[in-house]
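> next input, structure requested:
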Amino acid sequence: MGDFWVFGYGSLMWRPGFAHTETHRARLMGYRRALCVRSHVHRGTPDRPGLVLGLDRGGSCLGLAFRVPDDLSGEVMAYLRDRELVTNVYLEKRLPIRLDSGDTVEAVTYVVDRHHLQYAARVDVDEAARTVRSSVGQSGPNEEYVLNTIGHLRALGIRDHWLERVAERLSPSQPAVPPRVP
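Numbers count the residues shown, from 1 in each chain. From the prediction side, this is the model:
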């Protein structure tokens with residue numbers, strides 16, 4: 001297999017959990033970071049699912065790329081599959097990413113499976129905020145997950161305007177947005 005790259009767009013960026021020899025900022029074209037996965041365990045329940053990040057079609061996503069040495073390929077791929085493919089809501093793909101050096105490389109990337117029952121499709125900012133605010137799972141409140149994600153993205157100098165708008169609506173000073181009535 002040789003050395004390979006892994007693209008992180010969420011918690012893999014600040015908690016990769018595997019050995020790597022290089023890290024670069026990188027952009028994946030054709031996919032965007034989105035709260036598009038319904039969490040039934042870690043940030044919600046089957047009765048009140050939360051929302052967690054996935055890579056969904058459209059736009060682009062700025063994240064981090066990690067170079068993994070060939071001699072760790074089996075170990076790292078096993079770790080990634082255990083971590084990312086628990087409910088098979090993500091599809092493992094090798095996609096081209098552009099490193100901050102200007103080079104384009106192929107990276108192991110996990111994108112949402114739009115046919116999976118946990119796929120949430122496009123939710124607007126207000127619906128996302130309502131869902132996140134009212135969901136709690138085994139790993140804690142969904143709100144904590146979103147605010148933690150925003151904090152880490154800011155620390156890395158990465159802006160995600162849509163996710164930031166969701167986070168703004170979670171602020172205690174921001175009143176809850178009532179559900180739309182048809």
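> direction included, what does the helix or strand hosting Asp56 pair against?
Using DSSP states H and E, the element containing Asp56 is strand 50-68. Sheet pairing here is set by DSSP bridges, and for strand 50-68 it gives strand 4-8 (antiparallel), strand 22-39 (antiparallel).
> show me what counts as buried in it.
Residues of strand 50-68 classed as buried by neighbour count (16 or more other CB atoms under 10 Å): 50-56, 61-68. Yep, even glycine has a C-beta here, placed from its N, CA and C like the rest.
> greatest separation within these: which pair is it?
For the buried residues of strand 50-68, the farthest-apart pair by CB to CB is Gly50 and Arg67; their separation is 32.5 Å.
> adding distance to Arg15, write the strands paired with strand 50-68 out as TSV.
Shown next, in TSV, are the strands paired with strand 50-68 (distance: least, CB to CB, whole Å):
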stretch	distance to Arg15
strand 4-8	9
strand 22-39	13
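> need the winner for burial among those strands.
Among the strands paired with strand 50-68, ranked by average contacts under mean count of other CB atoms under 10 Å, first place goes to strand 4-8 (a mean of 22).
> dump the C-alpha coordinates for whichever helix or strand comes after it into PDB.
In the C-terminal direction, the helix or strand that comes right after strand 4-8 (DSSP H and E) is helix 11-14. The C-alpha coordinates for helix 11-14 follow below in PDB (Å, rounded to 0.1, in the frame of the first residue of the first chain):
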ATOM      1  CA  SER A  11     -12.700  14.900  15.800                       C
ATOM      2  CA  LEU A  12     -10.000  13.200  13.700                       C
ATOM      3  CA  MET A  13      -8.400  16.600  13.400                       C
ATOM      4  CA  TRP A  14      -7.800  17.200  17.100                       C
END
